[in-house]
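**Q** the following comprises the amino acid sequence and a computationally predicted model.
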Amino acid sequence: MAVLFGTAGNPDIFLETVSKASVDMPRWLSEIGLDAYEYQCGNGVRIGEVTAKKIGDEAARHKITMSVHAPYYISLSNPLYLEKNIKYVLDCCRVIRYMGGKRIILHSGSVGKVSREEAMNEARKTLKAILSEMDNAGYGDLVLCPETMGKINQLGTLEEVLSLCSIDERLIPCIDFGHLYARSIGEMDGYKMFAGLFDRMETVLGYERASTFHSHFSKIEYSKGGERRHLTFDQSEFGPDFEPIAWLVCERNYTPVFICESAGTQSIDALEMKRLYLNRCIEIQ
């Protein structure tokens, strides 16, 4: 299994020069040298079976690994939304099955007016219920990826995500390095910090699961509350820096999926991420 690089949704250059149709993305990604595509259902699961299967057929033809981002408004920590949360995830299961992929990325929700411990307890209950319903519906082979989040009032610290992933081996963390950088007010950056992050993942999840983590990456502007907005690689005032991540992934023989979430330049920046990774691997051979 290789390290994969791809885009979250459709970048500006694709929309402006190639097509408005997502079904054309797998071929284009393959042509420019990328390997993965994360279809965005952040605002709801609105894609039909026919289109989803066409995207899946194209992904298989061009060897593009598919994932799906679940609706942003999923809130694992709110028990009032349990039935809706289950439905949203099952809808995503249906779509990713049509697309030939395995991974569904989801947010954990906000802390709200309860303690973080209470919110986490509810999130664990919700995840267990979702996994049970996935099994009942024949989706037990699919993988859920709880994501680290960028705003301080959201569930989604590294420790919280690892705790959620400890519930079941089908849960793999989605490490959003930009989110962790933003919620730490710029502290989570550099070789030493990322090495500690990976060490912690291996301790909690074991090497096999830690090494195949899912990832979102972009530079992110932050304020005192955490994340403000996604940036491009050309905007250098904020981090994090991808190069030490590339070094560590190569040195540790990890095989993650990196999905670039830059603001409109996802494909350009994903190719730069892939270049940094490959160059580092050549250096240490």
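**A** Here it is on my side, so go on.

**Q** tell me the strands in the stretch 101-250 of the chain, going along the chain?
**A** For the stretch 101-250 of the chain, the strands defined by DSSP state E, counting those that start in this stretch occupy 103-106, 143-146, 174-176, 214-217, 220-223, 226-230.

**Q** which residues of the stretch 151-285 of the chain score low on pLDDT?
**A** 285 (pLDDT under 70).

**Q** for the stretch 1-150 of the chain, same thing?
**A** Scanning the stretch 1-150 of the chain for pLDDT under 70 picks out the ranges 1.

**Q** what's the spacing between Gly101 and Arg94?
**A** Using CB to CB, to the nearest Å, Gly101 is found at 12 Å from Arg94. Where C-beta positions appear, they are placed from N, C-alpha and C, glycine not excepted.

**Q** ok so, going back, output the strands of the stretch 101-250 of the chain in TSV, with mean neighbour count and distance to Ala8 appended to each entry.
**A** Output for these, formatted as TSV (neighbours: other CB atoms under 10 Å; distance: least, CB to CB, whole Å):
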stretch	mean neighbour count	distance to Ala8
strand 103-106	25	9
strand 143-146	24	13
strand 174-176	27	10
strand 214-217	25	7
strand 220-223	19	13
strand 226-230	19	9
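
**Q** quick one: the ones you listed as JSON lines, columns for distance to Glu31 too.
**A** Below are the strands of the stretch 101-250 of the chain laid out as JSON lines (distance: least, CB to CB, whole Å):
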{"stretch": "strand 103-106", "distance to Glu31": "23"}
{"stretch": "strand 143-146", "distance to Glu31": "27"}
{"stretch": "strand 174-176", "distance to Glu31": "27"}
{"stretch": "strand 214-217", "distance to Glu31": "22"}
{"stretch": "strand 220-223", "distance to Glu31": "29"}
{"stretch": "strand 226-230", "distance to Glu31": "25"}
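
**Q** so for Tyr37, which of the ones you listed sits nearest?
**A** strand 103-106 (11.5 Å; CB to CB).

**Q** so what touches that closest one?
**A** Residues outside strand 103-106 that contact it (CB atoms under 8 Å, 6 or more residues apart in numbering): 38, 67-70, 74, 76, 89, 92-93, 96, 142-147, 172, 174, 214, 216, 257.

**Q** swap in stretch 110-124?
**A** By CB under 8 Å, 6+ apart, the list of residues contacting stretch 110-124 reads 75-79, 108-109, 153-155, 160, 163-164, 167.

**Q** re the thing from before, and of the strands of the stretch 101-250 of the chain, who's closest to Met134?
**A** Using CB to CB, the strands of the stretch 101-250 of the chain put strand 143-146 closest to Met134, at 8.1 Å.

**Q** so what does that closest one touch, helix or strand wise?
**A** Other elements packing on strand 143-146 under the criterion 3 or more CB pairs under 8 Å, 6 or more residues apart in numbering; DSSP states H and E are strand 103-106, helix 116-136, helix 158-165.

**Q** tabulate these (TSV), appending distance to Asn253.
**A** Formatted as TSV, these follow (distance: least, CB to CB, whole Å):
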stretch	distance to Asn253
strand 103-106	20
helix 116-136	29
helix 158-165	21
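
**Q** can you report how many residues lie near the nearest residue to Cys260 once chain neighbours are set aside?
**A** Spatial nearest neighbour of Cys260, chain neighbours left out: Ala270 (3.8 Å); criterion: CB to CB, 6 or more residues apart in numbering. Number of residues near Ala270 (other CB atoms under 10 Å) recorded here: 30.

**Q** now do Ala270 against Arg252, distance only.
**A** 21 Å.

**Q** before we move on, what about Ile220?
**A** Taking CB to CB as the measure, Ile220 falls 24 Å from Arg252.

**Q** kindly report the same for Glu202.
**A** Counting by CB to CB - Glu202 and Arg252 are separated by 9 Å.

**Q** what do you get for Glu243?
**A** According to CB to CB, Glu243 and Arg252 sit 15 Å apart.
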